[in-house]
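> Only the shape, not the letters, is given here:
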């Protein structure tokens with residue numbers, strides 16, 4: 001059971017991070033395309049406003065700066081739209097799902113290491129009630145979560 005427990009926890013964490021990455025990609029794909037379009041339009045309008053910054057072209061410059069401000073407001077509104085409600089709900093449920101996993105494997109040591117293998121950190125890595133040469137589910141879940149998020153949720 002010891003060999004199976006660490007693998008189950010690792011695969012579960014990879015699955016949660018993969019679902020999160022897929023959900024993040026699916027819900028934000030269209031908004032990211034709109035953000036790229038707005039960003040390009042904003043850059044071109046800023047360049048146009050910069051070229052019109054002269055006393056003889058004041059009216060065109062004012063129109064261009066108003067357009068820049070309008071595009072900046074649209075861009076800010078689009079940034080808040082990237083947070084899809086389904087994605088937010090999934091992110092809120094993740095800690096509870098991980099807590100269930102931790103409670104399920106609470107009394108199972110993930111690894112039994114040689115004595116004093118991680119000497120300074122072995123007291124923090126162990127599960128309460130187990131000897132110092134074991135790695136508990138809390139430490140293993142934290143390690144697996146960090147690895148899975150680094151591997152699958154790169155920006």
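All right, it came through fine. Computed from a prediction, not measured in an experiment: that's the story for all the values here. Numbers count the residues shown, from 1 in each chain.

> what ranges do the strands span in this protein?
Applying DSSP state E to the chain gives strands spanning 111-112, 134-135.

> can I get the ones you listed in JSON lines with mean neighbour count?
Using the backbone N, CA and C atoms, a C-beta is placed for each residue, glycine as well. Shown next, in JSON lines, are the strands of the chain (neighbours: other C-beta atoms under 10 Å):
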{"stretch": "strand 111-112", "mean neighbour count": "14"}
{"stretch": "strand 134-135", "mean neighbour count": "20"}
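
> right, and these - which one's nearest residue 94?
Closest approach to residue 94 among those (C-beta to C-beta): strand 134-135, 22.0 Å.

> need the strands of the chain in JSON lines with mean pLDDT and distance to residue 102, can you?
Listed next are those as JSON lines, based on pLDDT from 0 to 100; distance: least, C-beta to C-beta, whole Å:
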{"stretch": "strand 111-112", "mean pLDDT": "73", "distance to residue 102": "16"}
{"stretch": "strand 134-135", "mean pLDDT": "75", "distance to residue 102": "13"}
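
> Could you dump those strands into CSV with distance to residue 150 added?
CSV is the format used below for the strands of the chain (distance: least, C-beta to C-beta, whole Å):
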stretch, distance to residue 150
strand 111-112, 21
strand 134-135, 19
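
> Settle this for me: residue 17 is touching residue 146, isn't it.
No - counting by C-beta atoms under 8 Å, residue 17 does not reach residue 146; the two are 10.1 Å apart.

> More neighbours: which of those two?
residue 17 (20 against 11; other C-beta atoms under 10 Å).
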